[in-house]
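Undergrad: quick check, what structure comes out for this input:
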Amino acid sequence: MAVSSAAGGGGGEVAVRRRGCCAGGCGAKLFPEESFRSWSAYGRALRETAPRLRDRVTARSADAVEVNEVRGRSGAEMRRTLTWWDLIWFGIGAVIGSGIFVLTGQEAKDAAGPAVVVSYAVSGVSAMLAVFCYTEFAVEIPVAGGSFAYLRVELGDFVAFIAAGNILLEYCIGGAAVARSWTSYFATLLNHRPSDFRIHASALADGYSELDPIAVAVVAAICAFAVVSTQGSSRFNYVLSILHMAVIAFIVAAGLTKADAANLTADFAPFGARGVFAASAVLFFAYIGFDAVSTMAEETRDPARDIPVGLVGAMTLTTAVYCLLALVLCLMQPYAAIDPDAPFSVAFTAVGMDWAKYIVAFGALKGMTTVLLVSAVGQARYLTHIARAHMAPPCLADVHPKLGTPVNATVAMTAATAVIALFTDLAILSNLLSISTLFIFTLVAVALLVRRYYVAGETADADRRKLSACLVVIVASSTATAACWGAASAGGGGWVPYAVTGAVWLAATLFLQLGVPKARAPKTWGVPLVPWLPSASIFINVFLLGSMDGASFTRFAIWTAALLAYYFLVGLHASYDTAKALAADAEAARVEEGRKAAAVAVAVGCRMQSIQGRSAA
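TA: You can find the predicted model right below:
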């Protein structure tokens, strides 16, 4: 780790940081906080890790701080140019991509059979519940930080940082997976196999040995476009998305002409309910991306109107399209004959419409291009807000004064995505990505319940304890249900454990509704059916986590350990110094205001005495 020196006094340094995160250039200002000014300062900071951790674990931000103070650290403002129309097409462009065109074949063939349609519906319900939770936060806290900002406000810095690391992992992995799928369909378009365009590196382990230079080139090109203009990216996105929807309409219409109901009904769920839910957990990957829309709240003209319409509208349309496409695929071919890599293209070839595979491949490429574009836009805005909080190098928060886009953050995230896309196989990426995303969505649902039922300084201690107990029981019962499902063998275990854990979840949610008074109501738009809807989101997200494979959890644990190491060595001290500097700055401003008020009072008093003196004379 490089420790840089910082010139200037404390007050001047605070002022510089508030005007722009990286006034002296990124090379010298990667870590401008006091703890990193010298090796001795860093040593003192490490010795104070325990008390600093106690301070930051319980520290919660405020809505106004995120919207005004933290956002102001980027120097230039992002431009408010987006409407609900832009957000709907951003949502469609972010979601409908490689998931439906690649994972559908993989999960239909190996996990769910024709019941993959049900798997998509289950994942869609989970995603929609998360959409509602995100929407309320995005309306109330319209900043680029998305779930990172929401969790900082409700659950504190430490939880927000762990989520932030997984958010960044989600976007890097998602972009890498889509980029590798782009290569696969590009190969199909040219009558080649994907391996023809990849370089085999025998020295590397399986799953990491097929190098994909085309994926890297595509990611780099998308990065350049995302840097230039958010509004231009929006226009480009919905033009491509409209073309993409036209291709989807063709797939449905042409596919139904070759439908055979026997393919669907002969063996609808060959792998049983376990296969359906296991496929749902993986197919959740196909819905990932809508949270990128919430990061654009800062650039939305009317967040209270545009965000609910944009997010809910996009997710509703996406779920319907996914279920319809999966149904058409399973009607065209027996599930055992579905190709796991390019299922729709191969299906059209199998039914005698070989020419149609070119239209399918072209449409898939269009969809993947928009996913990459929206991902590049969204991930940069996440990193921008994380850097504003000084949990990442603050120079990454800079917004270009002319372009109005976070150039440094965009380039940094694109570079990480390109490296992952070069090495890592799609199967590894999709499973790890689903775990990370389901974990984040669970935290956002918990944060929404905290927001509705707890306000610091107003909620009584007894009500706070009741809320904490309810949240613990809701999460524990959901985890117990997932654990029972994961531990039981297929077709075994009986229904009794699920009846018990489900009843406990119901009782905890009902007690939260009836026994704990709400502390806050949404100002403009709120999630309906609170606490039931966010509690259901927690339950289904945790349940789907229980359907994931053990290797993915091992990779998730390794990544979380790396995040904790960074937090204790860097992020904790940087955020602590920033909070301390801001508190000192606020105190100085308060003292200055007090002095001004006293001076005004003295002046008014003297003036009154003068008037009274003249009146007496």
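Undergrad: tell me how far stretch 45-57 lies from the chain's centre.
TA: How far stretch 45-57 lies from its chain's middle: 28 Å, per C-alpha atoms, centre = their mean, to the nearest Å.
Undergrad: backbone phi and psi for residue 200, please?
TA: The phi/psi pair for residue 200 (degrees, to the nearest 10) reads phi -90, psi 120.
Undergrad: separation between it and residue 423?
TA: Shown here: residue 200 relative to residue 423, a distance of 12 Å by C-beta to C-beta, to the nearest Å. Quick note: C-beta positions are derived from backbone N, CA and C, even for glycine.
Undergrad: who has more neighbours out of those two?
TA: When neighbours are counted by other C-beta atoms under 10 Å, residue 200 and residue 423 differ, and residue 423 comes out ahead with 19 against 9.
Undergrad: and that one, what does it touch?
TA: Residue 423 is in contact with 204, 208, 211, counting by C-beta atoms under 8 Å, 6 or more residues apart in numbering.
Undergrad: now do the SS call for the second one.
TA: So the one you mean is residue 208. With DSSP: H, G, I helix; E, B strand; the rest coil as the basis, residue 208 sits in coil.
Undergrad: chain neighbours aside, what residue packs nearest to it?
TA: residue 423 (4.7 Å; C-beta to C-beta, 6 or more residues apart in numbering).
Undergrad: separation between that neighbour and residue 215?
TA: The spacing between residue 423 and residue 215, counted by C-beta to C-beta, is 10 Å.
Undergrad: try residue 141
TA: As judged by C-beta to C-beta, residue 141 and residue 215 stand 34 Å apart.
Undergrad: give me the more crowded residue out of the two.
TA: Each of residue 141 and residue 215 has its neighbours counted (other C-beta under 10 Å); residue 215 has more, 30 against 25.
Undergrad: looks to me like that one is in a helix.
TA: Yes. Judged by three-state DSSP, residue 215 forms part of a helix.
Undergrad: can you pull the contacts of it?
TA: 176, 179, 180, 182, 183, 418, 421, 422.
Undergrad: just those now: which is nearest residue 287?
TA: Among the contacts of residue 215, residue 176 lies closest to residue 287 (C-beta to C-beta), at 17.5 Å.
Undergrad: the closest one is in contact with residue 415, isn't it?
TA: No. Applying C-beta atoms under 8 Å as the test, residue 176 and residue 415 come out as separate, 11.6 Å apart.
Undergrad: more neighbours: which of those two?
TA: Set residue 176 next to residue 415 and count neighbours by other C-beta under 10 Å: residue 176 wins out with 28 against 14.
Undergrad: residue contacts, the more buried one?
TA: Here residue 176 is in contact with 215, 219, 417, 418, 420, 421, 424, 429 (C-beta under 8 Å, 6+ apart).
Undergrad: now do 7 Å
TA: 417, 420, 421, 424, 429 (C-beta atoms under 7 Å, 6 or more residues apart in numbering).
Undergrad: now do residue 458
TA: Contacts for residue 458 (C-beta under 7 Å, 6+ apart) come out as residue 519.
Undergrad: for it, helix, strand, or coil?
TA: Using three-state DSSP, the structure places residue 458 in coil.
Undergrad: could you check how far it is from residue 484?
TA: Residue 458 is 39 Å from residue 484, where distance means C-beta to C-beta.
Undergrad: re the thing from before, show me which of the contacts of residue 423 is closest to residue 288.
TA: residue 208 (21.8 Å).
Undergrad: ok, back up a step: secondary structure added to the contacts of residue 176, as a markdown table?
TA: Formatted as a markdown table, the contacts of residue 176 follow (three-state DSSP):
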| residue | secondary structure |
| --- | --- |
| 417 | helix |
| 420 | helix |
| 421 | helix |
| 424 | coil |
| 429 | helix |
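Undergrad: out of the residues you listed, which one has the weakest pLDDT?
TA: pLDDT is lowest at residue 429 among the contacts of residue 176; the value there is 63.
Undergrad: and stretch 577-588, average pLDDT?
TA: For stretch 577-588, the mean pLDDT works out to 71.
Undergrad: swap that for stretch 281-295, sorry
TA: Averaged across stretch 281-295, the pLDDT comes to 73.
Undergrad: same question, stretch 176-191
TA: Average pLDDT, stretch 176-191: 79.
Undergrad: buried ones in it, by neighbour count?
TA: By neighbour count, with 16 or more other C-beta atoms under 10 Å as the criterion, the buried positions of stretch 176-191 are 176-189.
Undergrad: out of the residues you listed, which are inside helices?
TA: Among those, the members found in helices (DSSP state H) are 176-189.
Undergrad: for the chain, which segments count as strands?
TA: 199-200, 210-211 (DSSP state E).
Undergrad: now tabulate these in JSON lines and tack on mean pLDDT and distance to residue 127.
TA: Listed next are these as JSON lines, based on pLDDT from 0 to 100; distance: least, C-beta to C-beta, whole Å:
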{"stretch": "strand 199-200", "mean pLDDT": "79", "distance to residue 127": "36"}
{"stretch": "strand 210-211", "mean pLDDT": "80", "distance to residue 127": "30"}
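Undergrad: out of these, which comes closest to residue 193?
TA: Nearest to residue 193 among these is strand 210-211; the distance by C-beta to C-beta comes to 11.5 Å.
Undergrad: follow-up on the earlier one: can you redo the contacts of residue 423 as TSV with neighbour count and distance to residue 398?
TA: Shown next, in TSV, are those (neighbours: other C-beta atoms under 10 Å; distance: C-beta to C-beta, whole Å):
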residue	neighbour count	distance to residue 398
204	12	36
208	14	33
211	15	33
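Undergrad: residue 49: which of those is nearest?
TA: Residue 49 lies nearest to residue 208 out of the contacts of residue 423, by C-beta to C-beta, at 34.5 Å.
Undergrad: list the contacts for that closest one?
TA: Counting by C-beta under 7 Å, 6+ apart, residue 208 touches 423, 424, 425.
Undergrad: kindly report the same for residue 471.
TA: If a contact means C-beta under 7 Å, 6+ apart, then residue 471 has 446, 449 as its contacts.
Undergrad: cool, residue 55 as well?
TA: By C-beta under 7 Å, 6+ apart, the residues touching residue 55 are residue 576.
Undergrad: how close does it sit to residue 464?
TA: 20 Å.
Undergrad: same check on residue 318?
TA: Taken as C-beta to C-beta, the span from residue 318 to residue 464 is 38 Å.
Undergrad: of these two, who's got more company?
TA: Set residue 318 next to residue 464 and count neighbours by other C-beta under 10 Å: residue 318 wins out with 26 against 17.
Undergrad: surely the more buried one touches residue 100?
TA: No. Look at residue 318 against residue 100 with C-beta atoms under 7 Å: they stay out of range, at 9.1 Å.
Undergrad: so residue 407 sits against residue 224, correct?
TA: No. Counting by C-beta under 7 Å, residue 407 sits too far from residue 224 to count as a contact (10.6 Å).
Undergrad: the more surrounded of these two?
TA: Applying other C-beta under 10 Å to residue 407 and residue 224 shows that residue 407 carries more neighbours, namely 17 against 12.
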